[in-house]
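would you be able to build a 3D model of this:
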Amino acid sequence: MGIKKKDILLACFLLFAACLLFFVLRPVKSGTGGWVRITVDGKLYGTYPLSGKEKIRIGQDSGYNMVYIEDGAAWISEADCPDGYCIRQGKITGKGQVIVCLPHRLVLEVTGEESGDGKKEDLDAVVH
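Now for the predicted structure:
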């Protein structure tokens, strides 16, 4: 038994469908962000420009995180959480990228523009 014409057509169709899904479903990088928004326990801690150079120690009862902002990137360099996963997430630079430290309920998110307290911000969606 050899390869049948239907087998070749099926393989071509599956390859085409896989390529189509790859390009349709892959995340679209929307460029570099301009700001990093830091929230702790769901509350805004601060918004900082990625163009600046900052060293921010965020201490809480549950522990601390050391956030660095430099050369258009933000990252967590130190944390006393048990797993240290937030440190291993590396640097974020693109709009929509996030770093999460779940034990300390800390979130770093790169946004397009300054946000918080009624200032302009990029919106993902509006729900009525």
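
is residue 59 bridged to anything, and to what?
residue 64 (DSSP bridges).

quick one: the lowest-mean-pLDDT helix or strand in the chain to chain centroid distance?
Every helix and strand in the chain was compared by mean pLDDT, DSSP states H and E; the lowest is helix 5-25, with a mean of 78. Chain-centre distance of helix 5-25: 31 Å, with CA atoms, centre = their mean, to the nearest Å.

contacts for whichever helix or strand comes after that helix, please.
Downstream of helix 5-25, the first helix or strand assigned by DSSP states H and E is strand 35-40. Residues outside strand 35-40 that contact it (CB atoms under 8 Å, 6 or more residues apart in numbering): 44-50, 56, 58, 60, 67, 69, 74, 92, 104-116. The way it works is simple: take the backbone N, C-alpha and C, and place the C-beta from them, glycine included.

recalculate using a threshold of 7 Å.
The contact list for strand 35-40 (CB atoms under 7 Å, 6 or more residues apart in numbering) reads 44-50, 58, 60, 67, 69, 74, 105-111, 113-116.

buried subset of those residues as a ChimeraX selection?
Those of the contacts of strand 35-40 that count as buried under 16 or more other CB atoms under 10 Å are selected in ChimeraX with:
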select :45,47,48,50,58,67,69,74,106,107,108,109,110,111,115
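
which ones among the contacts of strand 35-40 lie within strands?
Using DSSP state E, the subset of the contacts of strand 35-40 located in strands is 44-49, 58, 60, 67, 69, 74, 106-111.

nearest spatial neighbour of residue 83, skipping sequence neighbours?
Distance criterion CB to CB, 6 or more residues apart in numbering; nearest residue to residue 83, sequence neighbours excluded, is residue 103 at 7.5 Å.
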